[in-house]
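[1] Mind folding the following:
(one chain, ligands or ions: 2)
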Amino acid sequence: MLGSRRSDLTAEFVNQSGNASERACGWVAWLTALMSLVSAVLLPASSAAVADHAHNGPNNQVSITSVEGESWLNHLHRDFGDTSMGKTGRLGPGPDEPAADLHAESTQPFSHSPVTLHGQDLYRLNCRGCHGEFGQGAPPEIASLINPVRATSSRLIMQRVKASGMEMSRKQADELAQQSMASLLQRLHQGGQDMPSFSQLNDDEIRALLAYLKQLAGVPGAEREQITVRESPERVGELITKATCHTCHTAAGLNPTSKQLMEGAIPPLSTLTARTNMSGLVRKVTQGAAVTMGAQPMLAAGRMPVFDYLSESEAADVYDYLMRYPPRQTSVVDPTGAASTDAALAAANQAASTQRASADQKAVMIVAWTSGLFIAIVLTAGVRITFKEFARLSAESDAAFAANGAARFPTHATDPAEPELACVSAADEEPQEGEAADWKRRASA
Ligand code: HEC
Ligand code: HEC
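    Numbering: from 1, shown residues only. Ligands and ions are numbered 1, 2, ... in the order given. This next block holds a predicted model:
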């Protein structure tokens, strides 16, 4: 009789304290979940900030990736006939004209040794296909890049302002120049409305390219700031392919028939190494070559422009790159894209970057500390509530027991196997012990 009464009460005790700690646990769990969500959002940002700063170091590693996704013209839904992009204004020889001799195969086999590129070369490999030799573009479709580059020079800004009879402080001019530089870098990393992004360029390449752009735009003193980069042949091939060939050629897909070629199909980059060998590709790119097309296949001059500003070995680099890094169908978003954008921005403006870097770190630290403090407060409060509830309930049941003249219950709350407590005890040891002692004291009083 007494035994059953006792187990009833025990059940009731466990039940009630279960409810109380469930409430507390639920509350804590809810807030913990909320904080995890907040940190999930904040932590990647902070690690991106750290990656950003790490990226500024002297080691500027080049990681070569396959070319991916549809051609830039397809992406823009622009017809081959309605664009100046990738058009050099030169076409290859017709079917009757004899093809010139090529050195690529006979005297100049493909070389694997690194090459030195000047900013001018980077411009040639990356920008010239659309912006032309002098940066003039093909307005209105392709804007000239000269003025946006001139706007990155405070000296030219001040000159221009003075010429129009107005005044501007050096500081104001510097600010404007910095803004122009930031938007130029943003364009390179994210692209423009109709211009592809150049996120594949690393900081050193960007620095060399910018120095040449300034020279091209006639910024005073730019000639003395030219720098070079060392590149592997694969890298050269990658840059040409992504910036120039990918304008018209989609990365991967089916090899078109000669009938489809006649109807305007452009063979995907993934098919080029099957359609032709290295010297065939070199010839097509540097001098132009007739292609077989039509329902009744015959040789025709074709529509692909000639890139006579690319050397034979550079065209061979494209072939080699396509062989080693087979083009891929889908485009995957580069998770490090954002970080390298910031890194390049920083590279061009080191002083501002250092300030921003420490500001970033400060912000990250503040957020981390605030979150930590908040979690600690929440957990402490949760534990307190749980123990208050235990204390109250146990006092009640003790009173009930005393009324029945029964012995004291074993102390459930200090039992480490107690599931309700396990929910919070792991999170905060300190207050639990204090509270437990407190509770024991009060319970036995
Ligand atoms: C596939 C063609 C293409 C390539 C390659 C290309 N651009 Fe552009 N660029 C454009 C087009 C189109 C515009 C104008 C529309 C727009 O802003 O998107 C443009 C605009 C610009 C402008 C802005 C002009 C203005 O008035 O604001 C700059 C600067 C520029 N390009 C720089 C570059 C640099 C540097 C490179 C090489 C790293 C490059 N572009 C490569 C197509 C290209
Ligand atoms: C302005 C658009 C355009 C650009 C840019 C372009 N191509 Fe082409 N390409 C074509 C077209 C169109 C064809 C189809 C054949 C033709 O009309 O000449 C073609 C065909 C080819 C072929 C196939 C030749 C054959 O005999 O089957 C090769 C190889 C090739 N391109 C390589 C390249 C490489 C490498 C680049 C970058 C350096 C490049 N193309 C850039 C438009 C372009």
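
[2] What parts of the stretch 151-300 of the chain come near ligand 1?
    Within the stretch 151-300 of the chain, the residues that sit near ligand 1 (CB under 6 Å from any ligand atom) are 184, 187-188, 192-196, 198, 213, 243, 247. Just so you know, the C-beta spots here come from the backbone N, C-alpha and C atoms, and that holds for glycine as well.

[3] and the residue in the stretch 301-445 of the chain positioned nearest to ligand 2, what pLDDT?
    Relative to ligand 2, the nearest point of the stretch 301-445 of the chain is residue 302 (2.4 Å; CB to the nearest ligand atom). In this prediction, residue 302 carries a pLDDT score of 91.

[4] Now for the nearest residue to it once chain neighbours are set aside: which residues touch it?
    Spatially, and ignoring its direct neighbours in sequence, residue 302 is nearest to residue 291 (4.5 Å; CB to CB, 6 or more residues apart in numbering). Counting by CB atoms under 8 Å, 6 or more residues apart in numbering, residue 291 touches 261, 299-300, 302.

[5] Tell me how far residue 244 lies from ligand 2.
    5 Å (CB to the nearest ligand atom, to the nearest Å).

[6] Who are the contact partners of the closest residue to that residue other than its chain neighbours?
    Distances taken as CB to CB, 6+ apart put residue 129 closest to residue 244, at 4.2 Å, once the chain neighbours are dropped. With contacts defined as CB under 8 Å, 6+ apart, the neighbours of residue 129 are 85-86, 88, 243-244, 247, 307.

[7] would you list these in JSON lines and tack on neighbour count, secondary structure and pLDDT?
    As requested, the contacts of residue 129 are exported to JSON lines (neighbours: other CB atoms under 10 Å; DSSP: H, G, I helix; E, B strand; the rest coil; pLDDT from 0 to 100):
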{"residue": "85", "neighbour count": "24", "secondary structure": "coil", "pLDDT": "97"}
{"residue": "86", "neighbour count": "21", "secondary structure": "coil", "pLDDT": "96"}
{"residue": "88", "neighbour count": "18", "secondary structure": "coil", "pLDDT": "93"}
{"residue": "243", "neighbour count": "23", "secondary structure": "helix", "pLDDT": "98"}
{"residue": "244", "neighbour count": "25", "secondary structure": "helix", "pLDDT": "98"}
{"residue": "247", "neighbour count": "19", "secondary structure": "helix", "pLDDT": "98"}
{"residue": "307", "neighbour count": "24", "secondary structure": "coil", "pLDDT": "98"}
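
[8] okay, those in a markdown table with distance to residue 237 next?
    Output for the contacts of residue 129, formatted as a markdown table (distance: CB to CB, whole Å):
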| residue | distance to residue 237 |
| --- | --- |
| 85 | 20 |
| 86 | 17 |
| 88 | 19 |
| 243 | 11 |
| 244 | 11 |
| 247 | 16 |
| 307 | 13 |
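
[9] closest to ligand 2 among these?
    residue 86 (3.0 Å).

[10] close enough to count as contact, that closest one and residue 247?
    Yes - between residue 86 and residue 247 there is a contact under CB atoms under 8 Å: 3.7 Å.

[11] Residues that sit against both of those two, list them.
    In contact with both residue 86 and residue 247: 73, 129-130, using CB under 8 Å, 6+ apart.

[12] Dump stretch 212-223 to PDB, keeping only the CA atoms.
    Extracted in PDB, the C-alpha atoms of stretch 212-223 (Å, rounded to 0.1, in the frame of the first residue of the first chain):
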ATOM      1  CA  TYR A 212      49.000  48.300 -68.400                       C
ATOM      2  CA  LEU A 213      45.400  49.600 -68.500                       C
ATOM      3  CA  LYS A 214      46.700  52.900 -67.000                       C
ATOM      4  CA  GLN A 215      49.500  53.000 -69.600                       C
ATOM      5  CA  LEU A 216      46.900  52.300 -72.400                       C
ATOM      6  CA  ALA A 217      44.700  55.100 -71.100                       C
ATOM      7  CA  GLY A 218      47.600  57.600 -70.900                       C
ATOM      8  CA  VAL A 219      47.900  58.000 -67.100                       C
ATOM      9  CA  PRO A 220      51.100  59.900 -66.500                       C
ATOM     10  CA  GLY A 221      53.900  57.800 -65.100                       C
ATOM     11  CA  ALA A 222      52.200  54.500 -65.900                       C
ATOM     12  CA  GLU A 223      55.100  53.300 -68.100                       C
END
